[in-house]
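[1] after the sequence you'll find the predicted model.
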Amino acid sequence: MSKVSNIMRLALLQLKGSKDKTVNVQNAVSKIEAAVREHQPRLITLPECFNAPYGTKYFREYSETIPDGYTSQQLSNLAKKHQVYIVGGTIPELGENDAIYNTCTVWSPSGDLIAKHRKMHLFDIDVKGGIRFKESETLSAGNDFTTIDVDGHKIGIGICYDIRFEEMARLYRNEGCEMIIYPAAFNMTTGPLHWELLQRSRANDNQLFVVTTSPARDPSAEYVAYGHSMIVDPWAKVQKSASDGEETVVADIDFSLVEQVRQQIPVFSQRRLDLYATARNGQ
Ligand SMILES: NC(=O)CCC(=O)C(=O)O
């Protein structure tokens, strides 16, 4: 598709979560309605696991099939009603053979499901004195890369921990992406250290926009999200970021920056692929 415009308005909804799925989804619905009314975005993003508590013991109980489940239907209706793209954060998905996935759905302005990304790298870490989390106790990993086209701009989709794997971002850049969107929920151990660093690293390495959307921080939750939803531009500069509470971040993305950076610092054509592809680079 040819590029309709180089400017695209985004609204990132950093949402409060709770143990009540209907309350969570209806909160997303009302924040989407408000963002449309007040800002007329072209694309709206939601947080990781926005309809459920983020925890391995909750994923099965809150899981839904896609696209006929309750949450999917709400997002589809809203996208169609307001003629917007919605990158629907993630929800626990009940998939084939009873497997559960951490899945991002993307809805077009006609209300169609245009992409479904299942988290590829499961969040299994054990930081002594910090955080232990093992998504693989109840989740299965997705095996597919996901890109979408919005008004001629190619956008890659990843989910939270996926951001740590630079190969994935590189692959999206090689496929022509100008932006990567990661619904995410970092925590109070790794967030302060790595949240901004990883986003600026992926943006800098690949000369594209990186967009993350986190749940709002709730200090009383079992898993305390870091917040600070963010947009980083292709110069690796933070264009806009949220604080830690419930907040809507609105920004106009100027995709012409992508080409500017790639022309002025042309690292991709300067790479010495002839030298890297040797036995010494084999892990
Ligand atoms: N939900 C996640 O994947 C969390 C990832 C995270 O916090 C990290 O440090 O990585």
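    Noted; the coordinates are in hand.
[2] check the gap between residue 224 and residue 192 for me.
    Going from residue 224 to residue 192 by Cβ to Cβ, to the nearest Å gives 12 Å. Yep, even glycine has a C-beta here, placed from its N, CA and C like the rest.
[3] between those two, who's got more neighbours?
    residue 224 (19 against 13; other Cβ atoms under 10 Å).
[4] what pLDDT does residue 262 get?
    With respect to pLDDT, residue 262 has a value of 98.
[5] swap that for residue 278, sorry
    Predicted confidence (pLDDT) at residue 278: the value is 76.
[6] also residue 94?
    pLDDT, residue 94: 98.
[7] residue 1 too?
    71.
[8] residues contacting it?
    By Cβ atoms under 8 Å, 6 or more residues apart in numbering, the contact set of residue 1 is 149, 151-152.
[9] closest to the ligand among the residues you listed?
    residue 149 (26.0 Å; Cβ to the nearest ligand atom).
[10] so what's the backbone phi/psi at the closest one?
    Note on residue 149: backbone dihedrals following degrees, to the nearest 10 are phi -120, psi 120.
[11] highest neighbour count among the contacts of residue 1?
    Neighbour-wise, the contacts of residue 1 (other Cβ under 10 Å) top out at residue 151, 16 neighbours.
[12] mind checking how far it is from residue 35?
    18 Å.
[13] what's the burial count for whichever residue of the stretch 1-150 of the chain sits closest to the ligand?
    Per Cβ to the nearest ligand atom, residue 123 is where the stretch 1-150 of the chain lies closest to the ligand, at 3.4 Å. Residue 123: 24 surrounding residues under other Cβ under 10 Å.
[14] ok, it to residue 193 distance?
    From residue 123 over to residue 193 the distance is 15 Å, taken as Cβ to Cβ.
[15] what does residue 147 give?
    Here residue 147 is placed at a distance of 29 Å from residue 193 (Cβ to Cβ).
[16] and if you look at residue 29?
    From residue 29 to residue 193 the distance is 34 Å (Cβ to Cβ).
[17] now residue 237
    To residue 193, residue 237 is 20 Å away according to Cβ to Cβ.
[18] helix, strand or coil: sort out the most centrally placed residue in the chain for me.
    For the chain, the residue nearest the mean C-alpha position is residue 182 (1.9 Å; Cα atoms, centre = their mean). Residue 182 falls in the strand class when you classify it by DSSP: H, G, I helix; E, B strand; the rest coil.
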